[in-house]
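In: I need the structure of the sequence given here:
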Amino acid sequence: MADRLETLVTDLTFAEGPRWHDGRLFFSDFYSHRVLAAGLDGRVETIAEVAAQPSGLGWMPDGSMLLVSMLDRRLLRLEHGRLRVHADLSAVAGGPCNDMVVDSQGRAYVGNFGFDRATGESERPACVARVDPDGKVTRAAEDLKFPNGTIITPDGRTMVIAETLGARLTAFDIAPDGTLSNRRVFAQLDGVFPDGICLDAEGAIWVTDARGDSFMRVFQGGRIDRKVGLGARHSYACMLGGEDRRTLFVCTNVGSGAEVANQREGRIEFMRVEVPGAGLP
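Out: Residues are numbered from 1 along each chain as shown. Down below sits the predicted model:
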């Protein structure tokens, strides 16, 4: 298939955390403080408003939605149209919270910056927090360089996390109780700032590049199978969705940070691919 991107949604401040759910693409728009859902016709609905900026999204087994609240470092739960605090992550998150994956049992794995970039703090490692269905918070993995996009394989036994400042994808084994172990490099991507990721049925991972001019499909070991150019734009997150999970949605913008908000250059773009999505999210 040709690498031809089409536009689904425009006029966004900064789109992140796309998730295909119940026939629509859900995503966060940071600086308008909204969680949105878009149909394939481009019609957009506001699902929730999060004052401290929404980021990662996911769903519990009962269908309730989990939302990362970035700046106050909380995980929120949307039930019957109302938000409540599901877990307070401030004791474990060294910086704003960001992306998240929720497993089939309702355990949420939430990353964070590790430092406050907005105030000029120096870079430091971060942990990934595991939030159990009852809201209990555990430090699941340590010493990650800006843990970001995260996937879980279809068998539920492996997690891969994008370390944005580590220029790599890092894998872990997942035990039945949710414990992470056997840390290893899935792919070293020198020169890339991997952000959001999604998995396909051949075991390849689509990787967005927060500072580059393309996004790519990568196999374990680091072989880049395909690269799609964006010109002057950057990519920040991606999701395989649609009825057959063969529509690749990509969150793009001209830059990141609060200074881009007023430009409203954020978009959801998409293209068709040969291999469908797999695993979570």
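In: ok, now how distant is the closest residue to Gly95 other than its chain neighbours from Asp213?
Out: Leaving aside its sequence neighbours, Gly95 sits nearest to Phe113 (CB to CB, 6 or more residues apart in numbering; 3.2 Å). All C-beta atoms are positioned from the backbone trio N, CA, C, and that covers glycine. Per CB to CB, to the nearest Å, Phe113 is found 23 Å from Asp213.
In: between those two, who's got more neighbours?
Out: Between Phe113 and Asp213, counting by other CB atoms under 10 Å, Phe113 is the more crowded of the two (23 against 14).
In: check contacts around that one.
Out: Gly94, Gly95, Pro96, Asn98, Ala126, Phe146 (CB atoms under 8 Å, 6 or more residues apart in numbering).
In: I'd guess Leu198 is in a helix, am I close?
Out: Quick fix: residue 198 is Cys, not Leu. No - using DSSP: H, G, I helix; E, B strand; the rest coil, the assignment for Cys198 is strand, not a helix.
In: neighbours around Gly39, how many?
Out: Neighbours of Gly39 (other CB under 10 Å): 12.
In: what's near enough to touch the closest residue to it other than its chain neighbours?
Out: Excluding the flanking residues, the one nearest Gly39 by CB to CB, 6+ apart is Arg24, at 5.4 Å. By CB under 8 Å, 6+ apart, the contact list for Arg24 reads Ala37, Ala38, Gly39.
In: just name the closest of those residues to Val228, please.
Out: Nearest to Val228 among these is Ala38, at 20.6 Å by CB to CB.
In: torsion angles phi and psi at the closest one?
Out: Main-chain torsions, Ala38, degrees, to the nearest 10: phi -120, psi 140.
In: begin at 30, not 1, for the rest of this chat.
Out: In the new count, where the first residue is 30, that last one comes out as Ala67.
In: tell me what it is bridged to.
Out: Beta-bridge partners recorded for Ala67 (DSSP bridges): Leu54, Val73.
In: perfect, I'm done here.
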